[in-house]
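Engineer: my questions concern the predicted model and sequence given below.
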Amino acid sequence: MFTDYVKIYASAGKGGNGAISFRHEKYVAAGGPDGGDGGKGGDVIFKANPDDNTLVAFRYKKKFKAENGENGSGARKYGKSGKNLYITVPIGTVIKEANTNEVLADLNEKGQEATILKGGRGGLGNSHFATPTRQAPRFAQDGEPGEERELVLELKLLADVGLVGFPNVGKSTFLSVVTSATPKIANYHFTTIDPNLGVVKSKYGDSFVIADIPGIIEGASEGVGLGLQFLRHIERTRLLLHFIDVSGQEGRNPVDDYNKINEELKKYSEKLAKRTQIIVANKADAIQDENAYAELEKLAQGNNQKIFKISAVTGEGIDELMSYVSEMLKTLPKENLVDIGSGSEEKVYRLEEDEDFEIKKVGKEFVVTGEAVDRIMRRVNITDNESLFYLHRKMDEIGLNQALKKAGIKDGDTVKIAQYEMIWED
């Protein structure tokens, strides 16, 4: 089964909690704090694997979670970091954030990796919070949660040449002639369900890969039929062979067919519509009206496009076409779907550590939001008095206390941060 689009849910590991511990040694009357830090949570890393061909495995497993970090312990012992979770996908897989459709990684090379979700940082043990005035802190930080989100995996075939055109124009027959691929071939008006890949025989020059994309129909760019699934597979191709039936046996107009297919390509992607295109006038052995072909040839000349008259059945014109294609590919560069950074094979996606916060006043309640305060709250034990002193100090350091005063907060007003509500006392 060929599967090229799946949604999954993945989460990185939670960081381990810091430990609250004190030294207990013989002949040491007042042992100091020695709580160790929690371990970091495991990351979620995707890796391109040449042995995978489809995304079908993700139809049966859709939830993935990296290992949590271990809690710290006494004697300043650090918790063990959680193991990273490696998820293998086929070469050519694009990873997107499901809600925003943002491209996070484009894995188009063997062994390429992308860290998509970062594990939470481990909490600090109480040994970090000792001061001259607080020599025995009885609080520690909790570990941070790991990043989690719904992801979309899209497989876009890695082919040099894409065959496009309406169903039943002879693409599958052509692929079987010029490569060792064995697509199902029949005189049906509906399209092949799965894309077919084939490697071109060496007699035409350097070898290259051709993808027979299932026949495109009108409305494909809006998702009619399986249009969107098919169109994504020609995004990577460097060259398009646009197959058109010029036999006239079914009453089709070659120029109309050409315009309709290109309109679908343009609606789907302006970039794709500008891809180098060669017109392949197929079924030349059965032409009933030479005028129809002449009009198509005139259109090709007007668009400054090459046109080849061939017959996939008899072999007419195929050698000339493939030799030309082989030479053209030497001049067309390969390109990624997304820039993953110069000089780096790894794309890292994570939330920025934004130190800003926002205050909204609702009656006598001041609601504070923002990553800066959320990060602090995740590390504080709100039920411990010493931990609360630490909280107030950190709020002062990031400027929140001053900002609340500027916003007009008064004694007795409520401050809401995350799921907690506190009464302000100046």
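Structural biologist: Great, that's in hand.
Engineer: where in the stretch 301-426 of the chain is pLDDT low?
Structural biologist: 334-356, 378-379, 381-386, 426 (pLDDT under 70).
Engineer: can you map out the helices along the protein?
Structural biologist: Taking DSSP state H as the criterion, the chain contains helices spanning 171-178, 227-231, 254-268, 270-273, 290-302, 318-329, 371-379, 385-397, 400-406.
Engineer: to residue 418, which of these lies closest?
Structural biologist: helix 371-379 (4.5 Å; C-beta to C-beta). Just so you know, the C-beta spots here come from the backbone N, C-alpha and C atoms, and that holds for glycine as well.
Engineer: circling back to that earlier point, nearest to residue 48, of the helices of the chain?
Structural biologist: The minimum distance between residue 48 and these falls on helix 227-231, with 20.6 Å, by C-beta to C-beta.
Engineer: mean neighbour count and distance to residue 133 added to the helices of the chain, as CSV?
Structural biologist: Shown next, in CSV, are the helices of the chain (neighbours: other C-beta atoms under 10 Å; distance: least, C-beta to C-beta, whole Å):
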stretch, mean neighbour count, distance to residue 133
helix 171-178, 22, 79
helix 227-231, 20, 64
helix 254-268, 18, 66
helix 270-273, 14, 63
helix 290-302, 15, 85
helix 318-329, 17, 73
helix 371-379, 18, 21
helix 385-397, 15, 10
helix 400-406, 15, 20
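Engineer: could you check how far residue 136 is from residue 35?
Structural biologist: 11 Å (C-beta to C-beta, to the nearest Å).
Engineer: again with residue 54
Structural biologist: For residue 54 relative to residue 35 (C-beta to C-beta), the value is 49 Å.
Engineer: and the two? Which one has more around it.
Structural biologist: residue 35 (30 against 16; other C-beta atoms under 10 Å).
Engineer: so for the more buried one, what's the pLDDT?
Structural biologist: Per-residue pLDDT puts residue 35 at 87.
Engineer: state the pLDDT value of the residue lying closest to it once chain neighbours are set aside.
Structural biologist: Sequence neighbours aside, residue 125 is the residue nearest to residue 35 in space, at 3.1 Å (criterion: C-beta to C-beta, 6 or more residues apart in numbering). What the model reports for residue 125 is a pLDDT of 88.
Engineer: pretty sure residue 125 sits against residue 75.
Structural biologist: No: between residue 125 and residue 75 there is no contact under C-beta atoms under 8 Å: 10.2 Å.
Engineer: domain parsing for the protein?
Structural biologist: 1-155, 161-329, 358-423 (automatic domain parsing).
Engineer: the residue nearest to residue 35 and residue 64: what is the separation?
Structural biologist: Counting by C-beta to C-beta, the gap from residue 125 to residue 64 is 30 Å.
Engineer: of those two, who's got more company?
Structural biologist: residue 125 (29 against 17).
Engineer: contacting residues around that one?
Structural biologist: Contact analysis of residue 125 by C-beta atoms under 8 Å, 6 or more residues apart in numbering lists 18-21, 33-38, 72, 76, 140-141.
Engineer: can you tell me which of those residues end up in strands?
Structural biologist: Of the contacts of residue 125, none are assigned to strands by DSSP state E.
Engineer: nearest to residue 246, of these?
Structural biologist: residue 38 (70.1 Å).
Engineer: what's the neighbour count on that closest one?
Structural biologist: With other C-beta under 10 Å as criterion, residue 38 counts 33.
Engineer: how much space between residue 80 and residue 9?
Structural biologist: From residue 80 to residue 9 the distance is 25 Å (C-beta to C-beta).
Engineer: more neighbours: which of those two?
Structural biologist: residue 80 (16 against 13).
Engineer: residues near the residue nearest to the more buried one when sequence neighbours are not counted, how many?
Structural biologist: Nearest residue to residue 80, sequence neighbours excluded (C-beta to C-beta, 6+ apart): residue 70, at 4.4 Å. Using other C-beta under 10 Å, residue 70 is surrounded by 21 other residues.
Engineer: please apply the same query to residue 250.
Structural biologist: 10.
Engineer: try residue 62
Structural biologist: Neighbours of residue 62 using other C-beta under 10 Å come to 12.
Engineer: residue contacts, the residue nearest to it when sequence neighbours are not counted?
Structural biologist: Closest residue to residue 62 apart from its sequence neighbours, by C-beta to C-beta, 6+ apart: residue 8 at 4.9 Å. Contacts here follow C-beta under 8 Å, 6+ apart; on that basis residue 8 touches 58, 62-64, 150-151, 153.
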